[in-house]
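Chemist: Pasting the sequence and the predicted model now:
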Amino acid sequence: MSALKAGATIGILGGGQLGRMLGGAAATLGFDVSIYCPEKDCPASRVASQHCIAEYTDIDALLGWAATCDAITYEFENVPVEAARALIEAGHLVRPGAKPLEVSQDRLVEKSFLRACGIATADFAEVNVAMDIAEPIKAFGGQGILKTRRDGYDGKGQARLEAGDDYEAAHKALKHAPCILEAMVPFEREVSIIIARDRNGEAICFDVPRNEHVNGILKRSVVPSGLSDEVALRAAESAKSLAAALDYVGVLALEFFVLEDGTLLANEFAPRVHNSGHWTPEACATGQFEQHMRAVAGWPLGPVTRFHDVEMLNLLGEEALVPPEVLAADGVLTLYGKRDAKPGRKMGHLVRRRP
Ligand code: AMP
């Protein structure tokens, strides 16, 4: 498949803020964007030339929509694998493919895959019934985090446990879903690496952000991260191995816990542009959204030179109601156009240059 020409249409599965920002980058490169998402009036649809409103499981609707697109990507990792497979089997170009969805949607599969790529993770054990917890929690030093294998995000679907807690109550609170128990990691900091890989396998990483979470939700990313060059290089090598193993085309984010001695333990990866990379459009020669669209279009990647130190602050819930003139005075403001500012909801972000 040759590279897309300006004027081509890129289809995006998903209609959230990531789709909206991908749409903005696509427009800058001369592409049209068509959104596929079940919700009317979603943030991405309002910057797109077309919006197909249908369920991800409606294969006829998917194929009808895909016929109007020159290439297809996705902006969230819970797109049903069957939807991506149906599109690929019908001959559509889907980047980055079905495999990254299959792996990242299930924490057990994901952690096993990371390890198979030679990337260390926290210790973990499969949990199907509450009785499965007692033994590994002891082996993990008496503490652990119970996480649902599927559908958890921003700290949802998780419970912190100590040896002797009521395991059945904890598992019941997670609706007895298939879970994993992870060892508690005494991390010194959290970082992520954002990598872009093109169709020829050329890969390039952005500088590493340090990420601060509050209640499981990303609050702030800061660059530089304070990691030594040696540790940052190891993070980049891990991301390259993972992207190669997935035959990945596009942008991917791999999140790490960093221990005091520089050990990196991968937590999870997102097969998409990532919140911890929202500073890249303002601070780098090519931002993550443009980079992803370049890869999807079969174009060469852009340079990721970073021009200055930077921080990105997420605006959650009502924080985004601060008058824009106040926020804009102290950084570059992006708002996602969401109609309701529910508590904890990602509404926008602010990128500030650091002295
Ligand atoms: P996750 O949904 O796996 O990304 O977890 C959300 C946040 O919870 C992470 O960014 C960490 O701050 C914290 N967390 C998750 N897993 C662990 C762990 N095994 N040990 C310590 N903290 C964790």
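Modeler: Thanks, I have it. On a predicted model such as this, the values are computed, not experimentally measured, just so you know. Numbers count the residues shown, from 1 in each chain.
Chemist: Tell me the buried residues in the longest helix seen in the chain?
Modeler: Selection of the longest helix in the chain by residue count, based on DSSP state H, yields helix 229-245. For helix 229-245, a neighbour-count test (16 or more other C-beta atoms under 10 Å) marks Val231, Ala232, Arg234, Ala235, Ala236, Ser238, Ala239, Lys240, Ser241, Leu242, Ala243, Ala245 as buried. Where you see a C-beta, it was placed from the backbone N, CA and C, and this is true even at glycine.
Chemist: Please name the bridge partners of Ile194.
Modeler: Going by DSSP bridges, Ile194 is paired in beta bridges with Ala253.
Chemist: To what extent is it buried, counted in neighbours?
Modeler: For Ile194, the count of nearby residues is 25 (other C-beta atoms under 10 Å).
Chemist: Please report the distance of it from the ligand.
Modeler: When distances are taken as C-beta to the nearest ligand atom, to the nearest Å, Ile194 and the ligand turn out to be 15 Å apart.
Chemist: quick one: contacts for that residue?
Modeler: For Ile194, the residues meeting the contact criterion (C-beta atoms under 8 Å, 6 or more residues apart in numbering) are Cys205, Phe206, Pro209, Val251, Leu252, Ala253, Val273, His274, Ser276, Gly277, Thr280, Gln288.
Chemist: Ile217 too?
Modeler: Counting by C-beta under 8 Å, 6+ apart, Ile217 has contacts Asp154, Gly155, Asn314, Leu316, Gly344, Lys346.
Chemist: Can you tell me what sits against the longest helix of the chain?
Modeler: For helix 229-245, with C-beta under 8 Å, 6+ apart as the criterion, the contacting residues are 113-114, 116-119, 191, 193, 195, 197, 201, 203, 205, 207-208, 225, 227, 248, 252, 254, 256, 258, 262, 264, 266, 269.
Chemist: if we can go back for a sec, of the contacts of Ile217, which belong to strands?
Modeler: Among the contacts of Ile217, the residues falling in strands (DSSP state E) are Asn314, Leu316, Lys346.
Chemist: Considering these, which is situated nearest to Arg46?
Modeler: Compare each of the ones in strands among the contacts of Ile217 with Arg46 using C-beta to C-beta and the shortest gap goes to Lys346, at 16.5 Å.
Chemist: who's in contact with the closest one?
Modeler: Gln17, Ile217, Asn275, Asn314, Leu315, Leu316, Tyr336.
Chemist: one more time with 6 Å
Modeler: Asn314 (C-beta atoms under 6 Å, 6 or more residues apart in numbering).
Chemist: again, but for Glu311
Modeler: Val222, Arg352, Arg354.
Chemist: residue nearest the centroid of this structure?
Modeler: The centre of the chain sits closest to Ala270, judged by C-alpha atoms, centre = their mean, with a distance of 3.5 Å.
Chemist: Help me confirm that that residue comes into contact with Ala253.
Modeler: Yes - Ala270 is within contact range of Ala253, at 4.7 Å (criterion: C-beta atoms under 6 Å).
Chemist: ok, back up a step: how distant is the longest helix of the chain from the center of its chain?
Modeler: In terms of C-alpha atoms, centre = their mean, to the nearest Å, the centre of helix 229-245 is set 17 Å apart from its chain centre.
Chemist: just stretch 177-189 next, same as before
Modeler: On the basis of C-alpha atoms, centre = their mean, stretch 177-189 is displaced by 18 Å from the centre of the chain it belongs to.
Chemist: Just give the number of residues close to the residue nearest to Ala163 when sequence neighbours are not counted.
Modeler: Spatially, and ignoring its direct neighbours in sequence, Ala163 is nearest to Gly142 (4.0 Å; C-beta to C-beta, 6 or more residues apart in numbering). For Gly142, the number of neighbouring residues by other C-beta under 10 Å comes to 12.
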